[in-house]
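1. Give the three-dimensional model of this entry:
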Amino acid sequence: MKEGNAIEVKNVKKSFRDRSESMSVKDVIVYRAKRKESHEVLHGISFDVKKGEAVGIIGRNGSGKSTTLKLLTRILHPNEGTVEIEGKVSCLIELGAGFHPDMSGRENVYVNASIFGLNKAQVDERMESIIDFSEIREFIDQRVRSYSSGMYLRLAFAIATSVDADVMIVDEILAVGDIGFQNKCLNRFKDLIKNGMTLVFVSQNPEQVKEICSRAIWIDHGNIKMDGPAEEVCDAYSEHMLGPEEFARRKAKKRIM
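-> Sure thing, here's the model as predicted:
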């Protein structure tokens, strides 16, 4: 990797193979045919992220942005190209992933924190701050199967941001939380970035990206359509999605407010 880079994505292609919908019942039952069709989601994307940089990834549903994050977290592997990351990685990709429904919130803190590399003594030291940040103290010893999606988010976020990661990768799960907790999360991101953490943040909300990221990457139909300052990229994406007239109207309304 080049000196100063935390992430390097080079010429990455990713395809998924789906069973052909044209298979007949005879194919399936008698011959167990395995004809499959390949659908390419990413068409050779490349980008670098510098250490301590906060980069937002935006794009409509199905554009390839979540696939990109799953490649960064090694949940998926590219069909072609390379993905390299330097340092300890913390991720929030799927809400509640890694939580055992029949264990309490407190027990799940120990399990999840150990996945991120913390030992019991380190978790003991951070337990109170994790519970305080999550704001679910009265439920922390209940089984997490009784938690709402918002409670899952609070606890998962509190754990993931307490592990002293070099790189944090976040999918668009913040949409689950209430506005107050979303702002609390955004402020936590800002503090971690000030302390040198690298952030890759996927969001359907361009305003959130502009608030915490200095740079944004717009992925469209599996290609990088734009990569540059967050303000410019997010505004271009919003104008594309809303249309020039509606985008201009909303921009003017913000200036008045």
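2. got the residue ranges for the helices in the stretch 101-250 of the chain?
-> For the stretch 101-250 of the chain, the helices defined by DSSP state H, counting those that start in this stretch cover 105-115, 120-134, 149-160, 179-194, 206-212, 230-242, 244-256.
3. Pick the most buried one from those helices.
-> helix 149-160 (a mean of 22; mean count of other CB atoms under 10 Å). No exception for glycine: its C-beta is placed from N, CA and C like everyone else's.
4. where does the stretch 51-200 of the chain have low pLDDT?
-> Counting by pLDDT under 70, the low-confidence segments of the stretch 51-200 of the chain come to 95-97, 175-177.
5. how does it look with 80?
-> 93-98, 172-177 (pLDDT under 80).
6. Closest to the centroid, which residue in the chain?
-> residue 171 (2.0 Å; CA atoms, centre = their mean).
7. which parts of stretch 211-224 are buried?
-> By neighbour count on 16 or more other CB atoms under 10 Å, the buried set for stretch 211-224 is 211-220, 222, 224.
8. Residue 103 contacts residue 144, correct?
-> Yes. Counting by CB atoms under 8 Å, residue 144 is a contact partner of residue 103 at 6.6 Å.
9. Quick check on those two: which one has the bigger neighbour count.
-> residue 144 (23 against 15; other CB atoms under 10 Å).
10. With residue 110 as the reference, measure out to that one.
-> Distance, residue 144 to residue 110, by CB to CB, to the nearest Å: 13 Å.
11. leaving aside the residues next to it on the chain, what's closest to residue 106?
-> Of all residues not flanking residue 106 in the chain, residue 140 sits nearest, at 5.1 Å (CB to CB, 6 or more residues apart in numbering).
12. which residues touch the one you found?
-> 104-106, 131, 134 (CB atoms under 8 Å, 6 or more residues apart in numbering).
13. Can you redo those as CSV, where the extra columns are distance to residue 116?
-> Shown next, in CSV, are the contacts of residue 140 (distance: CB to CB, whole Å):
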residue, distance to residue 116
104, 19
105, 16
106, 16
131, 17
134, 16
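14. Would you tell me which one of those comes nearest to residue 43?
-> residue 134 (39.6 Å; CB to CB).
15. My read is that the closest one contacts residue 154, right?
-> Yes. Residue 134 is in contact with residue 154 according to CB under 8 Å; the separation is 4.2 Å.
16. just to revisit the earlier point, which one, of the helices of the stretch 101-250 of the chain, ends up nearest to residue 7?
-> helix 179-194 (14.6 Å).
17. Can you tell me which helices and strands that closest one packs against?
-> helix 149-160, strand 198-202, helix 206-212 (3 or more CB pairs under 8 Å, 6 or more residues apart in numbering; DSSP states H and E).
18. In contact with the nearest residue to residue 208 once chain neighbours are set aside: list those residues for me.
-> Nearest-residue entry for residue 208: residue 186, 6.7 Å, with adjacent residues in sequence omitted and distances by CB to CB, 6+ apart. Each residue near residue 186 by CB under 8 Å, 6+ apart is listed here: 174, 208, 211-212.
19. Determine which two of these are furthest apart.
-> 174 and 211 (11.5 Å).
20. Thank you kindly, that will do.
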